[in-house]
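**Q** Got a sequence here, can you build the structure:
(chains A and B)
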Amino acid sequence: GAVVSQHPSWVICKSGTSVKIECRSLDFQATTMFWYRQFPKQSLMLMATSNEGSKATYEQGVEKDKFLINHASLTLSTLTVTSAHPEDSSFYICSARGWFRTDTQYFGPGTRLTVL
Amino acid sequence: GENVEQHPSTLSVQEGDSAVIKCTYSDSASNYFPWYKQELGKRPQLIIDIRSNVGEKKDQRIAVTLNKTAKHFSLHITETQPEDSAVYFCAATSDSWGKLQFGAGTQVVVTP
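**A** Now for the predicted structure:
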């Protein structure tokens, strides 16, 4: 149980284009979803917290107009990187927290974004 | 906000020996402390967690201890095996939404 999927697993795009990443909780309803970014050999940096039906809360320094988050249902959250640039290349990971074991976050497999 | 420090950054152990990773946190209101294991290019996987009302928790070869007074918690892995090689992250939260603050990570290498 408590499986989180992400799609796509990797994406390569040209500078200036937008990329959408989906995060789904497959076997539970997620009260809250989180989006992280991880650079090579570094820790997970929280970008934003998202609750179904409400606006995401962004961490300090994260541009909300660049990283658009939509949490349309209790099982789906999307992250859109708009006008991507090479410095946005990173490993993006989502996590979800359910009604059960409300403290625990279950992570998706991540999306490797490369912007050329 | 919460700040979590993790040591050491790298840890090499011989197979069969024990490994200990230590973390300190700054917010005395933190009440949940998970440990995640991440293999290269993979998702972080929860290996054990502890809540502030418990001082120690064990699951087979893995144990976590919490000292609320000193605001530090540790991961102990006994009888290490090569498959224990990975990056381990500690985290803490006091947030009602469950926002985790992660430590910097420890690269554990278990040599046969």
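**Q** next one: the helix or strand encompassing residue B:46 to chain centre, how far?
**A** Secondary structure assignment for residue B:46, by DSSP states H and E: strand B:45-51. Strand B:45-51 has its C-alpha centroid displaced from the chain centroid by 8 Å (C-alpha atoms, centre = their mean, to the nearest Å).
**Q** Parallel or antiparallel, list what pairs with it.
**A** strand B:32-38 (antiparallel) (DSSP bridges).
**Q** Okay, strands next: where are they in chain B?
**A** B:4-7, B:10-14, B:19-25, B:32-38, B:45-51, B:56-59, B:62-67, B:72-77, B:86-92, B:101-102, B:106-111 (DSSP state E).
**Q** Packed most tightly, which of those strands would that be?
**A** strand B:86-92 (a mean of 24; mean count of other C-beta atoms under 10 Å in any protein chain shown). For the C-beta atoms, the positions are set from N, CA and C on the backbone; glycine is no exception.
**Q** still on that earlier bit, dump the strands of chain B to a markdown table, plus mean pLDDT and distance to residue A:81.
**A** Formatted as a markdown table, the strands of chain B follow (pLDDT from 0 to 100; distance: least, C-beta to C-beta, whole Å):
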| stretch | mean pLDDT | distance to residue A:81 |
| --- | --- | --- |
| strand B:4-7 | 97 | 27 |
| strand B:10-14 | 97 | 32 |
| strand B:19-25 | 98 | 31 |
| strand B:32-38 | 96 | 22 |
| strand B:45-51 | 94 | 25 |
| strand B:56-59 | 96 | 37 |
| strand B:62-67 | 97 | 36 |
| strand B:72-77 | 97 | 34 |
| strand B:86-92 | 98 | 24 |
| strand B:101-102 | 94 | 22 |
| strand B:106-111 | 97 | 28 |
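**Q** List the buried residues for the helix or strand of chain A with the lowest mean pLDDT?
**A** Within chain A, no helix or strand scores below strand A:67-73, which has a mean of 90 by mean pLDDT, DSSP states H and E. Buried residues in strand A:67-73, counted by 16 or more other C-beta atoms under 10 Å in any protein chain shown: A:67-69, A:71.
**Q** Identify all residues paired with residue 22 through a beta bridge.
**A** No chain in the question, so chain A it is. If you apply DSSP bridges, the partners that residue A:22 bridges to are residue A:7, residue A:78.
**Q** nope, chain B
**A** Going by DSSP bridges, residue B:22 forms beta bridges with residue B:7, residue B:74.
**Q** Isn't it up against residue B:6?
**A** Yes - between residue B:22 and residue B:6 there is a contact at 7.3 Å, judged by C-beta atoms under 8 Å.
**Q** Quick check: neighbours shared by these two?
**A** With contacts taken as C-beta atoms under 8 Å, 6 or more residues apart in numbering or on different chains, residue B:22 and residue B:6 have no neighbour in common.
**Q** So, low pLDDT: which residues of chain A?
**A** Applying pLDDT under 70 to chain A flags the ranges A:101-102.
**Q** Done for today, thanks.
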